[in-house]
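**Student:** Give the three-dimensional model of this entry:
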Amino acid sequence: MGAERSNLARLQRAPATAPMAAVLRAHWQRLRKGEALPRRDEFAPRELAPVLSSMFLIEGTERGAARFLIAGRVLCALYGMELRGAPLALLFEPAARGEIAGIVAAMSEDPATVDLTLRAGQSTGRPALLARMTLLPLANRAGTRDLAIGTMEVSTPFMESAPLWPNGEFGQAPRRFGIERCLRGPLRAGGADAPEPPPRGVPLLRLVE
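**Tutor:** From the prediction side, this is the model:
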């Protein structure tokens, strides 16, 4: 009981908003030149320092899956190990792995921004978690579109706007998530003067609990 109150107190002191995705999205949008996608080597780590722990970079594979090229501390803490080189699917429940593979593959064929609402169930030693994952398409040096950069922010279902990291606990690793909602947003012309609107899109899927 005392531990639960302590965790709740930490959550109540957490920021009222979780701006990780907004920071990355604004930087990504500024790097775009018209309709072109930014390349990974154009990103400025110093400007993204506040959100690096929640960021990741993935690459599509020939089998239609995706693997981590870079994974921040939040993602590694969720799985309990370094995720560089590991499949993105490791963070998802088996029933959701085909869906996330399809979402990533669709980004390569028809680039769009993707915002996912994810949920991990409660069990012994593992509190229920709510996560928001944002995926933004990138171009690699060869001009293909098999890269994506993103963020993953984790909270509890009863306090959705208060990110757990670094003040809370994820529970016993590994944590795996199901896909509750997916929003796909159309691309718009970018540039240094282009303001970034709030995330928007058309729901691709919704799982009913």
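**Student:** all contacts plus neighbour counts: C-alpha atoms, from now on.
**Tutor:** Fine.
**Student:** mind listing the helices for the chain?
**Tutor:** Assigned by DSSP state H, the chain shows helices spanning 2-13, 20-31, 73-79, 94-109.
**Student:** Make CSV from those helices and add mean neighbour count and distance to residue 88 to it.
**Tutor:** CSV is the format used below for the helices of the chain (neighbours: other C-alpha atoms under 10 Å; distance: least, C-alpha to C-alpha, whole Å):
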stretch, mean neighbour count, distance to residue 88
helix 2-13, 12, 27
helix 20-31, 20, 18
helix 73-79, 20, 10
helix 94-109, 17, 8
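**Student:** Of all those, which one is nearest residue 115?
**Tutor:** helix 20-31 (9.3 Å; C-alpha to C-alpha).
**Student:** Return the closest one as CSV; C-alpha atoms alone will do.
**Tutor:** Taking Å, rounded to 0.1, in the frame of the first residue of the first chain, the C-alpha atoms of helix 20-31 are listed here in CSV:
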residue,chain,number,x,y,z
MET,A,20,8.3,14.1,-26.3
ALA,A,21,6.5,13.4,-29.5
ALA,A,22,5.7,17.1,-30.1
VAL,A,23,9.4,18.0,-29.8
LEU,A,24,10.5,15.4,-32.2
ARG,A,25,7.7,16.1,-34.6
ALA,A,26,8.5,19.8,-34.8
HIS,A,27,12.2,19.1,-35.4
TRP,A,28,11.3,16.5,-38.1
GLN,A,29,8.9,19.0,-39.8
ARG,A,30,11.5,21.8,-39.9
LEU,A,31,14.0,19.5,-41.6
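**Student:** for it, packing partners?
**Tutor:** If contacts are counted by 3 or more C-alpha pairs under 8 Å, 6 or more residues apart in numbering; DSSP states H and E, helix 20-31 sits against strand 129-138, strand 147-155.
**Student:** try 6 Å this time
**Tutor:** Using 3 or more C-alpha pairs under 6 Å, 6 or more residues apart in numbering; DSSP states H and E, no helix or strand is in contact with helix 20-31.
**Student:** Quick one: mean pLDDT for that helix?
**Tutor:** Helix 20-31 shows a mean pLDDT of 94.
**Student:** what angle do it and strand 129-138 make?
**Tutor:** Interaxial angle of helix 20-31 relative to strand 129-138 (axes from the mean of the first three to the mean of the last three C-alpha atoms, to 10 degrees): 10 degrees.
**Student:** quick check: angle from helix 20-31 to strand 147-155?
**Tutor:** Going by the same axes, to 10 degrees, helix 20-31 makes 160 degrees with strand 147-155.
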